[in-house]
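# Attaching a predicted model along with its sequence, questions to come.
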Amino acid sequence: MNWDDTTDETSAAEAGERLVGASAAGDDQAVEAALRPKDLHEFIGQEKVREQLDLMLRAARARGATADHVLLSGAPGLGKTTLSMIIAAEMEAPIRITSGPAIQHAGDLAAILSSLQEGEVLFLDEIHRMSRPAEEMLYMAMEDFRVDVIVGKGPGATAIPLELPPFTLVGATTRAGLLPPPLRDRFGFTAHMEFYEPAELQLVIDRSAHLLDVTIGADGSAEIAGRSRGTPRIANRLLRRVRDYAQVKADGVVTREIAAAALGVYEVDERGLDRLDRAVLEALLKLFGGGPVGLSTLSVAVGEERETVEEVAEPFLVREGLLARTPRGRVATPAAWAHLGLAPPQGRGSGTSGQGDLFGA
Ligand SMILES: Nc1ncnc2c1ncn2[C@@H]1O[C@H](COP(=O)(O)OP(=O)(O)OP(=O)(O)O)[C@@H](O)[C@H]1O
């Protein structure tokens, strides 16, 4: 993708499909499905979540009961859908997959709930985006396995109670803070998924390489892991691009050199920054001396929409400790200067630049 060519209308959407984007947009769903771990044993990392889930599911199985409702929160691509499928597999139960935005009316939810089988897992992705009436119906369904279906309108409307079979709701959200407390409280088990360590991502990559029949050395998977932004989905996607390069330009074997050269072609650097991320940092450092600079000015300098800079580039730069959002504007950290191989201007760190705190003054 050429960032220079992105128009105002398409830049945010295209940014969503970039190689290091965490959403599944543009991914081959069949390949992604083939790479999903099938049980808790195969699921890499997230030790605490795995241990706690394992205990909960074993206990439910031993009692012959349906598992408690589970809420999974965390950034896209960290394995929430995968875990929900594993929960169903471990409980030997079928799974139904839907999402908050797909349920706009309480009737949509009633139709799904009333067709569930006993013990079935209902995976509700983006649960924070459900409509209010549907959310309220869900409270009763989760607690009492019952819903009230409203028949008729106005004063003649009547609520007909409908019994539901016991089921397990697995809700997923990127924004646990947006869930109303009454909904959050109805989950018996809540887990927050963390970004993965490079060593864990290396295991994800080795496993995927094996499934895709790609020969990869430990140094090759380490190189890809370091550029994967803590996210298995990105790791798998980068592996597929590196595999292409290894096939076309070499003998198919992924070494450190091949991985670095391949990801160089796609402009993903050794820390996982892509062209947009670097353009933002470069503008901040070279044009504004490291800031503080307002978001609008920075966006104009980069030639991108405000939203693209704020929502697509900045979260990772902040997470990496390269950029800080301050009340006076965006500020580069010492790590940003070091990453781009530039020297901070004289006087930085003297306390007169407005970023003395970031420079340890
Ligand atoms: N712990 C893990 N071990 C191995 N592979 C993983 C792990 N977590 C995720 N993956 C892989 O990453 C890909 C994305 O995972 P998944 O679809 O479960 O993410 P998600 O959190 O549900 O994302 P979204 O919020 O965008 O739906 C899958 O192909 C899966 O195989």
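That came through, no problem.
# Residue of the stretch 51-200 of the chain closest to the ligand, please.
Residue nearest to the ligand within the stretch 51-200 of the chain: residue 79 (2.6 Å; Cβ to the nearest ligand atom). Every C-beta, even on glycine, is put in place using the N, C-alpha and C of the backbone.
# near the ligand at all, stretch 216-230?
No - remark: stretch 216-230 sits outside contact range of the ligand, by Cβ under 6 Å from any ligand atom, the gap being at least 10.3 Å.
# Quick check, central residue of the chain?
Taking Cα atoms, centre = their mean as the criterion, residue 76 is the residue nearest the geometric centre of the chain, at 1.3 Å.
# any idea of the mean pLDDT for stretch 124-138?
Mean pLDDT, computed over stretch 124-138, is 91.
# for stretch 200-211, that is, sorry about that
Looking at stretch 200-211 alone, the average pLDDT works out to 96.
# go on, stretch 57-67?
pLDDT averaged over stretch 57-67 gives 95.
# What are the boundaries of the strands in the stretch 201-350 of the chain?
Secondary structure of the stretch 201-350 of the chain, counting by DSSP state E, counting those that start in this stretch: strands at 323-326, 329-332.
# Domains in the protein, by residue range?
Each domain of the chain is listed here as a residue range: 46-192, 198-265, 274-339, per automatic domain parsing.
# And those: which comes nearest residue 35?
The closest approach between residue 35 and any of those, judged by Cβ to Cβ, belongs to domain 198-265 at 5.0 Å.
# what about that closest one, distance to the chain center?
Relative to the centre of its chain, domain 198-265 is centred 20 Å away, using Cα atoms, centre = their mean, to the nearest Å.
# still on that earlier bit, my guess is the residue nearest to the centre of the chain contacts residue 172, does it?
No - with the criterion set as Cβ atoms under 8 Å, residue 76 and residue 172 do not qualify as a contacting pair; they are 9.7 Å apart.
# Skipping adjacent residues, who's closest to residue 61 in space?
In this structure, residue 61 finds its nearest non-sequential neighbour in residue 91, 6.7 Å apart by Cβ to Cβ, 6 or more residues apart in numbering.
# one step back: would you mind finding the most buried of the strands of the stretch 201-350 of the chain?
Neighbour counts averaged per stretch over the strands of the stretch 201-350 of the chain are highest for strand 329-332, at a mean of 24; criterion: mean count of other Cβ atoms under 10 Å.
# what's in contact with it?
Contact with strand 329-332 is made by 281, 284-285, 290-295, 298, 314, 322-324, 354-355, 358, as judged by Cβ atoms under 8 Å, 6 or more residues apart in numbering.
# any idea how far the residue nearest to residue 198 when sequence neighbours are not counted is from residue 235?
For residue 198, ignoring the flanking residues on the chain, the nearest one in space by Cβ to Cβ, 6+ apart is residue 225 at 4.5 Å. Taken as Cβ to Cβ, to the nearest Å, the spacing of residue 225 relative to residue 235 amounts to 6 Å.
# same deal with residue 304?
Noted for residue 304: a distance of 26 Å to residue 235, by Cβ to Cβ.
# and of the domains of the chain, who's closest to residue 36?
Of all those, domain 46-192 sits nearest to residue 36, with 4.8 Å by Cβ to Cβ.
# roughly how far is that closest one from the heart of the chain?
Going by Cα atoms, centre = their mean, the spacing between the C-alpha centre of domain 46-192 and its chain's C-alpha centre is 20 Å.
# isn't the residue nearest to residue 198 right next to residue 208, touching?
No - taking Cβ under 8 Å as the definition, residue 225 is not a contact partner of residue 208, at 11.3 Å.
# Which residues are in contact with each of the two?
residue 235.
# got the residues of the chain near the ligand?
Counting by Cβ under 6 Å from any ligand atom, the chain sits next to the ligand at 23-24, 32, 35-37, 43-45, 76-82, 125, 204, 232-233, 236.
# among those residues, which are in strands?
residue 125 (DSSP state E).
# out of the residues of the chain next to the ligand, which are buried?
Buried residues within the residues of the chain next to the ligand, defined by neighbour count using 16 or more other Cβ atoms under 10 Å: 24, 32, 35-37, 43-45, 76-82, 125, 204, 232-233, 236.
# Restricted to helices, list these.
Secondary-structure check on those using DSSP state H: residues within helices are 32, 80-82, 204, 232-233, 236.
# Among these, which has the minimum pLDDT value?
Per-residue confidence across these is lowest for residue 32, with 81 (pLDDT).
# what's the closest non-adjacent residue to it?
With Cβ to Cβ, 6+ apart as the measure, residue 24 is the residue that lies nearest to residue 32, at 6.6 Å, once sequence neighbours are left out.
# Same check on residue 95?
Of all residues apart from its sequence neighbours, residue 88 sits closest to residue 95 (Cβ to Cβ, 6+ apart), at 3.8 Å.
# Go ahead and confirm the one you found touches residue 97.
No - using Cβ under 8 Å as the test, residue 88 is too far from residue 97 to be in contact (9.7 Å).
# So for those two, which residue has more residues nearby?
Neighbours were tallied for residue 88 and for residue 97 using other Cβ atoms under 10 Å; the higher tally belongs to residue 88 (22 against 15).
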